[in-house]
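Peer 1: model the structure of this input:
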Amino acid sequence: MTLEDKMLWEKVTALAEDNLQARELFEKLKTNTMKCLRGKRVLLTMPELKKSAVELSIKDEEAIMQEAMKKWLKLEVFAVGDEVTDVKEGDKVYVQTYALESGEKIEIDGSIKLMINDNAIAIVW
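Peer 2: Residues are numbered from 1 along each chain as shown. Alright, predicted model coming up:
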């Protein structure tokens with residue numbers, strides 16, 4: 001077992017109710033681990049939105065998400081494509097709202113990431 005596998009196992013055992021559930025979650029996350037990002041793409045870590053106690057329609061959830069995106073001023077870069085040269089993992093970036101709205105949402109390592117083109121990044125901190 002690699003160090004990365006051990007760290008993943010520790011995370012899933014903390015989340016799981018029993019050993020079987022931990023093993024299933026471990027296998028799912030291990031097979032869903034990204035090797036590399038291609039091209040001029042950037043993956044951003046999306047801030048977590050608080051879940052409503054009231055069940056909302058998909059349309060209402062999307063409206064809330066679009067309003068929240070307008071407030072995201074500094075997003076953390078999770079990964080960069082092999083052709084991206086001026087942004088690196090861990091940088092904080094400002095992305096125009098239209099690019100956030102049109103970005104593709106992807107689940108990686110158990111959390112949602114937002115994939116955008118690197119030219120949508122306006123400011124790097």
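
Peer 1: give me the nearest residue to the spatially most central residue of the chain, chain neighbours excluded.
Peer 2: Central residue of the chain (C-alpha atoms, centre = their mean): residue 113, 2.0 Å from the mean position. Using C-beta to C-beta, 6 or more residues apart in numbering and skipping the chain neighbours, the partner closest in space to residue 113 is residue 43 (4.5 Å). C-beta coordinates here come from the backbone N, C-alpha and C atoms, glycine included.

Peer 1: also residue 104?
Peer 2: residue 115 (4.6 Å).

Peer 1: so that neighbour sits in a helix?
Peer 2: No: using DSSP: H, G, I helix; E, B strand; the rest coil, the secondary structure at residue 115 is strand, not a helix.

Peer 1: and it, what is it in contact with?
Peer 2: 41, 42, 43, 44, 103, 104, 105, 106 (C-beta atoms under 8 Å, 6 or more residues apart in numbering).

Peer 1: just the buried ones out of those, please.
Peer 2: Buried members of those, scored by 16 or more other C-beta atoms under 10 Å, are 41, 42, 43, 44, 103.

Peer 1: ok, and what's touching the helix or strand where the third one lies?
Peer 2: Residue 43 belongs to strand 41-45 when assigned by DSSP states H and E. With C-beta under 8 Å, 6+ apart as the test, strand 41-45 has contacts from 37, 75-81, 84, 87, 93, 95, 103, 106, 108, 111, 113-118, 121.
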